[in-house]
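In: Pasted the sequence and its predicted model underneath.
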Amino acid sequence: MKTMHTLRRLLTIVAVAALAAACGSPGFSGRQNAKRYLVSGVHKALPTRSSSYLGVYEAGVPQSYAPLHRFTIAVGHKPNLVLYYSAWGEDFQAQFADEAWANGAVVLVQIDPVRASLQAIASGRYDAYLRAYAIDVRAFGHPVVVGFAHEMNGKWYPWGYHHVQPAVWVAAWRHIVNVFRREGAGNVTWLWTVNILGRVIPSPRAWWPGAGYVTWIGIDGYYRTPRSNFTRVYGPTITAIRGFTKDPILLSEMAIGPRSNPAGQIPALFSAIHARHLLGLVWFDAPAMQNWRLEADPAALAAFRRSAASMSPADVTP
């Protein structure tokens, strides 16, 4: 698969060069027209009807797809969105994306700039890396969902609240989107991912980069206490977001902990996804501070299997 990916990337680079050279030929009025020609054949947008996405994160990805096969068997439903986290400077994991596509799923990659200055990103210092990444994504040839510096309205990440000014974060986000567009990576769905509101977690409005730079909204949030339910966990954040955008919303990283009665809460979670016309969810099926894995709770797993049957997963790999 790596050889296939390398060939695709080389063909893409050759195509860009050839089209750029054609700028003086009949039918081209300059480099920008050549770029438009190249992008014009790129994929139509991913479906956005409600209850379209059943996604998951599993420990061990993107190095292996085996955990996702195990999840599919456990819940009785094949995920059509698979999440992995990418360190800054890491290449696009095309082999994993190929395997996901072969299994009917789209990759969702959250790029985390742990060792990079957002001011430096916005100023173009990392453009060589971003251009190479964008070329790889375009060469992959299928839809990819990309997030960057997620949960920025929280303070636990170095790019977040109290660490980086929202204006700097916005400038970095816009710059990345612009670089990808210049490289013709029109197969990207841009996922702007916020954390649920809380006592010290403000509305994400200050980090909004504008409608032209966002495709979907992601909300990350977990049920952690006996009082947790959909309305308490997600309600205030959805209301705040709907105050400035109508873009589709995905529960982009979530789970229900053992103290929150997952078997009892899961049916209501899926009902709320339908009622609120959300895209769907990405279940964080891994231990982190507490065990969020469905397989650790047979009653929760059974509830998830039943509730997931009410979804209408989009066919993302026609």
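Out: Yep, that arrived.
In: Make sure residue 130 is indeed in a strand.
Out: No: under DSSP: H, G, I helix; E, B strand; the rest coil, residue 130 sits outside any strand and is assigned helix.
In: list the contacts for it?
Out: 121, 176, 179, 180 (Cβ atoms under 8 Å, 6 or more residues apart in numbering). All C-beta atoms are positioned from the backbone trio N, CA, C, and that covers glycine.
In: for the spatially most central residue of the chain, which residues make a bridge with it?
Out: By Cα atoms, centre = their mean, the chain has its centre lying nearest to residue 108, at 4.0 Å. The partner list for residue 108 in beta bridges (DSSP bridges) reads residue 83, residue 145.
In: quick one: it and residue 55 touch, right?
Out: Yes: using Cβ atoms under 8 Å, residue 108 is in contact with residue 55, at 6.7 Å.
In: got any residues that touch both of the two?
Out: With Cβ under 8 Å, 6+ apart, residue 108 and residue 55 have common neighbours 81, 82, 83, 252, 282.
In: now, among those, which is nearest to residue 140?
Out: Closest approach to residue 140 among these (Cβ to Cβ): residue 82, at 14.0 Å.
In: I'd guessed that closest one sits against residue 53; true?
Out: No: taking contacts as Cβ under 8 Å, residue 82 lies outside contact range of residue 53: 10.5 Å.
In: who's more crowded, those two?
Out: Shown here are residue 82 and residue 53; by other Cβ atoms under 10 Å, residue 53 has more neighbours (32 against 28).
In: Which residues are in contact with the residue nearest to that one when sequence neighbours are not counted?
Out: In space, and not counting its chain neighbours, residue 53 is closest to residue 280: 3.3 Å by Cβ to Cβ, 6 or more residues apart in numbering. By Cβ under 8 Å, 6+ apart, residue 280 lies in contact with 50, 51, 52, 53, 54, 55, 81, 250, 251, 273, 311, 313.
In: got it, and residue 219?
Out: Taking Cβ under 8 Å, 6+ apart as the test, what residue 219 contacts is 193-196, 234, 237-238, 241, 249-252, 254.
In: So which of those residues is surrounded by the most neighbours?
Out: Busiest of the contacts of residue 219 [other Cβ under 10 Å] is residue 252, holding 31 neighbours.
In: Report the separation between that one and residue 306.
Out: Per Cβ to Cβ, to the nearest Å, residue 252 is found 23 Å from residue 306.
In: the helices in the stretch 1-150 of the chain, which residues?
Out: Assigned helices in the stretch 1-150 of the chain, in chain order: 2-21, 31-40, 66-75, 94-102, 118-123, 127-140 (criterion: DSSP state H, counting those that start in this stretch).
In: Quickly, which of the ones you listed bottoms out on average pLDDT?
Out: The stretch with the lowest mean pLDDT among those is helix 31-40, at a mean of 37.
In: quick one on the thing from earlier: format the contacts of residue 130 as CSV; extra columns: neighbour count.
Out: Listed next are those as CSV, based on neighbours: other Cβ atoms under 10 Å:
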residue, neighbour count
121, 26
176, 26
179, 19
180, 22
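In: so of these, which ones are in helices?
Out: 121, 176, 179, 180 (DSSP state H).
In: Now name the helix or strand holding the residue nearest to residue 241 when sequence neighbours are not counted.
Out: Using Cβ to Cβ, 6+ apart and skipping residues adjacent in sequence, the residue nearest residue 241 is residue 217, 5.8 Å away. Assigned by DSSP states H and E, residue 217 belongs to strand 216-223.
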